[in-house]
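Asker: sequence and predicted structure are below.
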Amino acid sequence: MIQLSNVEKSFATRAGQTFVLRRIGLTIEPGEFVTIMGPSGAGKSTLLSILGMLDHDWSGEYRLLENEVHRMKPRERSDLNKKYVGFVFQQYHLLDNLTVAENLDIPLSYRNVKGSERAAIVADTLDRFQIVGKKDLFPNQLSGGQQQLVGVARALIAKPKLLLADEPTGNLHSDQGREIMRLFKKLNEEGMTIVQVTHSEENATYGHRIIRLRDGWVVND
Amino acid sequence: MSALLQDLRYAFRGLRRSPAFALAAVATLALGIGANAAIFALVDRVLIRALPVRDPERLVLLRSPGPRQGQAWDDGDGAASFSYPAYRALRDRNTVLSGLLATYPFDASVGAGGRMERAAGELVSGNYFSVLGVGASAGRVLSASDDTTPGAHPVAVLSYGYWTRRFGGSKAILGESISINGTPLTVVGIAAPRFDGVQTGRRPDVFVPMMMKAAMTPRWNALDDPKNYWVQLIGRLKPGVSPGEAAASLTAVYHPLLTEVLPAIDGWNDQQKSEFLARRIELRRGAGGRAVMRDSLGTPLLALMGMVGVVLLIACTNLAGLLAARGVSRQREYGIRVALGASPGRLVRQSLVECLAFSVLGGALGLALSAWTLHGLLSLFPPDSDLRLVSASVDLRVVAFAAVLALAAGALFGAGPAFRVSRLQPFRVLRGRSSSAGREALHLRTGLVTAQVALTLVLLVAAGLFARSLGNLLQVSLGFRPSGVVALSISPDLAGYSPEETARLGRRLIDELSRLPGTESATAAAVPAMANSNWTNNFYTAQSPTETVQTWRNFVAPAYFRTLGIPLLAGRDFRYEDDAHAPRVAIVNETFARRFFPGRSPIGEHVGIGFTAAPAAIEIVGLVADSKGAKVGEPAHPFAYHPYAQPFQADKLGELTFYVRSTAPAAAVVAAAQQAVARVDPRIPVYDTVTLAARVRQTLLTDRVTFLLSCAFGALAALLAAVGIYGVLAFSVAQRRRDIGVRMALGADPRRVRRMVLGEVGRMLLVGALLGLPAAWAVAKGIESILFGVRAADAAVFVGGAVLMAAVALLAGYFPARRAARIDPIETLRSE
């Protein structure tokens, strides 16, 4: 599903070129649940954002489902992101001014799904994640766990093939964290490819494979 | 579309959730748009709007500048009046116009239902309505057959407004007879509802055929006089004819007419004659009708429009600054949206839609403000003033203007945030990394506020120049004492009085007014003082009969100088014995004496008047101090006063303005005077009842209003700039809180921190002044022509404007500077 070859990211400083990622090469098959781990500053989140095509400033080769991402323009990458990728963030990143239902609606609206269709999909998703009762609440009226649940629902609503999660339980207490991880596990068992970044060894046990980064290098796969 | 509505819905919700920000932004925009819409309502009526006639773009106004001899009627553009014989020839012989109409305004004393009332009359050629393409709303309009034989067409058409006002919109008036200036005329029709004549600010009440001229203006006829210039002409170009071709063709028709008149001209040398024969016909665009008000108010109105435009620009820069700061706090939100699949275009659209929400709210509130502002502005003017008569209101055109302005403003202040959104780096933002957005926003806001300082400086200098101009006008010595004097006018000629009867009536009324309780003195004059009207002729002396000087004239009753408080410096006042049977006498002012008799007394000298072509037989019997005649800002003119009972043939006495100096309240004097006139002759309406002091104030009204508005706009701009400066410094201090904390921890004392923050104000001021002062000078050059006694490069005004701007800026910067100086370094560093 994903093939990275010689991917590097750096930026210029007065001291010279500073590398964030060095010669990253890896392959992720469909249906894998991969955990990226490493100390702070190792380049984990940068790698995740390159996989999600939120970061365009890198070199090397990146293939996603036969699409040569490295040859694409930013707009084409954005289209690819919309088609295949869902994101879950550590800080949930729900839009404060929108209700739960409207937060779920946003990704569909960005994919030009018709209004009536959107309403049906949102209703299904609310039902599936058992948050129908919360649909008219604003994010600040939800607990952290509930917010992350909405975050995951929002990431999945456009039916992505790849779910990217950046420290998805970082802001949750352990019970809520486990609940989210069980949800991930279930999604993976249903066929979803998942790549998560985490510091938690416990969370890593939910996946099949751990990639460890240090100073921008893959040190263990 | 649904996505757009969704964006709009979320935008309004966002505003509700940030009420302080929304209020500040909407109020700022509303002030800017409101002021613009109010001034635009006037500009539209006076300068832009076309007449409500058929195909107004094909209308042209005729002018013929150059020397001429004889009598001329002038309402602002002397070159626009023609003799009636010239009109007839141009109408009948031209090949380039599908029609040429003539018009002349006159004062009408309208009698109907047993009540006399003064109204605005318009003598019009028979083709007036057909050339304009204006129909009747009831009955019929005048046609060519209503205007063929002098005195033979006693018919009239009422304007729609007058018909509803005076006759309650009753069609029973059709076919009925009304009396106009003593002549019975049959009302044959009512003009179309929206038609208010061909001159903005002058609304005719009755239209009368030109052939009824002698009856409507009893003192003079001039239908056959080629040396009497009084009709204004408006033509309609034939299809396919350009104004240039038409002017050339009309000039070719006009030349033989000039040649025909030449033998009747006396006393001109060859050069004057060749200049007379070289006169051409010029055409001006006529879609907006006659340009009298455009010419007199165009520059002040455009100056005010420019000023409010700058205010709006300042408001937009403030909004752009506010949005830049808000954009920084919304980076995370935009980052999330990108991560969820929003394309840059979609984000830009959302950002613009949010600005549109401001525009819609600001525009709507601005319109409400503009209606209120316009009402307040117009209420400063008397009900019968030109500006009130243009009926400016917040109509659909103003609404459309405000809408366009609001959208343009929205695009202007929304462009920056949209551009920044399109360059967003979601990855950095979502990771909570410090981005350069805050720094960029600060630079942008500093630039915007510097621009505000420059623009505000321009407005402050303009306001300062208008203030100086008004100050100079208020310091002008009038040469008379207006306080305690009441003025009122009558037109006995319109009730059929001969000049001699008018003179006798004048004396009788003066006697009546003198007997009123509280009256110190009473008098009358032919030309009202401070009414922007004058009467001029060329004068010469017995010693130099060929050397003529244009001189202002008036016909006055005894005690005129005493009543108005004009000092009599030598000789005597007029007496009632100075009548048509006595030797001709005159009283002159100091400028006249200096011009004609330098270094010696004019008393006992003799002068003559150009058009009489008679020996200089008028003896000067008195010398009075110079005084203002038509308006406060006029230069000192040579002035000659004649006894009102001693008119020349061409100077027939028609209107009279009475002056009463009294200790009684003005209202009581007016009421008593009206009763006195009614007792003598109830057919004569009294009009223009006003204290002389009020009339002086009225002559300065345009200057006062320009001053008031320019000060208001300057103050508004300064307030907006102050808000902008405060905002940018508060933002800067918040952004640099840690930096300031470190500096203080390292030993910077509060005074140094305050100085550092105020230094930013100094830099903005310096750059703003470098940009603003040259711009202000350019604006000053543009408005110099409407200033009184002030040069464009008035150093005091420029320095004053800069000092005021500096004071405002330092005051606005003081509070953020004080807050910066009170930062607790320990607290700040701990929170980091």
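Answerer: Sure, I can see it.
Asker: doesn't B:Ile826 make contact with B:Met744?
Answerer: No - under the criterion of CB atoms under 8 Å, B:Met744 makes no contact with B:Ile826, lying 9.3 Å away. (Each C-beta comes from the backbone N, C-alpha and C, glycine too.)
Asker: of the two, who's got more company?
Answerer: B:Met744 (21 against 10; other CB atoms under 10 Å in any protein chain shown).
Asker: ok, the residue nearest to that one when sequence neighbours are not counted - how many residues close by?
Answerer: Leaving aside its sequence neighbours, B:Met744 sits nearest to B:Pro825 (CB to CB, 6 or more residues apart in numbering or on different chains; 4.1 Å). Other residues near B:Pro825 come to 16 when the count uses other CB under 10 Å.
Asker: touching, B:Pro825 and B:Gly741? I think so.
Answerer: Yes - contact criterion CB under 8 Å: B:Pro825 and B:Gly741 qualify, at 4.3 Å.
Asker: just read off the phi/psi values of the closest residue to A:Pro74 other than its chain neighbours.
Answerer: Ranked by CB to CB, 6+ apart and with sequence neighbours excluded, the top spatial neighbour of A:Pro74 is A:His56, at 5.2 Å. Per-residue torsions, A:His56: phi -110, psi 0 (degrees, to the nearest 10).
Asker: relative to B:Leu811, how far out is A:His56?
Answerer: Note on A:His56: its distance to B:Leu811, by CB to CB, to the nearest Å, is 47 Å.
Asker: same question for B:Asn94.
Answerer: 66 Å.
Asker: same question for A:Phe87.
Answerer: Counting by CB to CB - A:Phe87 and B:Leu811 are separated by 48 Å.
Asker: so between these two, which is more surrounded?
Answerer: Legend: neighbour count by other CB under 10 Å for A:Phe87 and B:Leu811, higher for A:Phe87 (28 against 13).
Asker: point me to the helix or strand that includes the more buried one.
Answerer: A:Phe87 is part of strand A:85-88, with elements assigned from DSSP states H and E.
Asker: quick one: the next helix or strand after that strand near chain B?
Answerer: Moving toward the C-terminus from strand A:85-88, the next helix or strand (DSSP H and E) is helix A:100-110. Yes - residues of helix A:100-110 contacting chain B under CB under 8 Å from any CB of the partner chain: A:102, A:106-107, A:109-110.
Asker: and the pLDDT for A:Gln146?
Answerer: A:Gln146 is assigned 89 on the pLDDT scale.
Asker: before we move on, what about B:Thr612?
Answerer: pLDDT, B:Thr612: 53.
Asker: B:Asp384 too?
Answerer: 69.
Asker: ditto for the one 10 residues further on
Answerer: pLDDT, the model's per-residue confidence, is 87 for B:Val394.
Asker: so where does the residue lying closest to it once chain neighbours are set aside fall, helix or strand?
Answerer: Residue nearest to B:Val394 in three dimensions, not counting chain neighbours: B:Ala371, with 4.4 Å by CB to CB, 6+ apart. In this assignment (DSSP H and E), B:Ala371 forms part of helix B:344-378.
Asker: buried ones in that helix?
Answerer: B:344, B:346-367, B:369-371, B:373-374, B:377-378 (16 or more other CB atoms under 10 Å in any protein chain shown).
Asker: ok, and what's touching the helix or strand where A:Phe184 lies?
Answerer: Here A:Phe184, judged by DSSP H and E, is contained in helix A:174-189. Helix A:174-189 is contacted from outside by A:31, A:33, A:143-145, A:148-149, A:152, A:156, A:163, A:165, A:168-169, A:172, A:194, A:196, A:200, A:203, A:206-207, using CB atoms under 8 Å, 6 or more residues apart in numbering or on different chains.
Asker: that concludes my questions; thank you for your assistance.
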